[in-house]
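Quick one, structure for this:
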Amino acid sequence: MSKTGKRVLITALILIGLGILAYPKIEPLFGGESGASAQPGNQGSSALQVEAVELGYESIQDRIYTSGTIEANESIELSSDATGIVTDIYFEEGSPVSRGDLLIKINDSELQAQLQRASF
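Down below sits the predicted model:
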């Protein structure tokens, strides 16, 4: 037997096997009787038992609670070349400032003392 003949024979056997396995599932689709309706006690009755529940109206809330972080779309980071304690702040949050404006004052008492000593 040639290779082609063997392939055809094997394919045919596989298809026949699959058909035998699928037959019980597809038999009711073609008008055959299924296992439950083929029983002798069910042949005369056509009424089905149903359970019904009456639904009522109820309002629902469409809300999602979650946590997160809010970040401004514009921000600035202030830094200073000198270290020290901030004594005064000369701007309010959200107010516009210009380049060169005095924004904060750092405690400069030590620098003032050094200046006085140097000037004498």
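
can you list the weak-confidence ranges in the protein?
Along the chain, segments meeting pLDDT under 70 span 31-45.

the longest helix in it is where?
The single longest helix within the chain, with elements called by DSSP state H, is helix 3-26.

Give me the next element, helix or strand, following that one.
Proceeding N to C from helix 3-26, the next assigned helix or strand is strand 86-89, under DSSP states H and E.

Name every strand pairing with that next one and say which way it goes.
strand 104-106 (antiparallel) (DSSP bridges).

Please pull up the helix or strand immediately following the partner strand.
Following strand 104-106 in sequence order, the next helix or strand is helix 109-119 (DSSP H and E).

which other residues reach that next one?
Applying CB atoms under 8 Å, 6 or more residues apart in numbering, helix 109-119 has no contact partners. Where C-beta positions appear, they are placed from N, C-alpha and C, glycine not excepted.

Dump that helix to PDB, keeping only the CA atoms.
C-alpha atoms of helix 109-119 as PDB (Å, rounded to 0.1, in the frame of the first residue of the first chain):
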ATOM      1  CA  SER A 109      22.800  86.800  61.500                       C
ATOM      2  CA  GLU A 110      26.100  84.900  61.400                       C
ATOM      3  CA  LEU A 111      26.900  86.400  57.900                       C
ATOM      4  CA  GLN A 112      25.900  89.900  59.200                       C
ATOM      5  CA  ALA A 113      28.300  89.500  62.100                       C
ATOM      6  CA  GLN A 114      31.100  88.400  59.800                       C
ATOM      7  CA  LEU A 115      30.400  91.500  57.600                       C
ATOM      8  CA  GLN A 116      30.600  93.800  60.600                       C
ATOM      9  CA  ARG A 117      33.900  92.300  61.800                       C
ATOM     10  CA  ALA A 118      35.300  92.600  58.300                       C
ATOM     11  CA  SER A 119      34.300  96.300  57.900                       C
END
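
for that helix, the distance to its chain's centre please.
With CA atoms, centre = their mean, to the nearest Å as the basis, the distance from the averaged C-alpha position of helix 109-119 to the chain average is 62 Å.

residues of that helix that come out buried?
Residues of helix 109-119 classed as buried by neighbour count (16 or more other CB atoms under 10 Å): none.

From residue 77, how far off is residue 106?
From residue 106 over to residue 77 the distance is 17 Å, taken as CB to CB, to the nearest Å.
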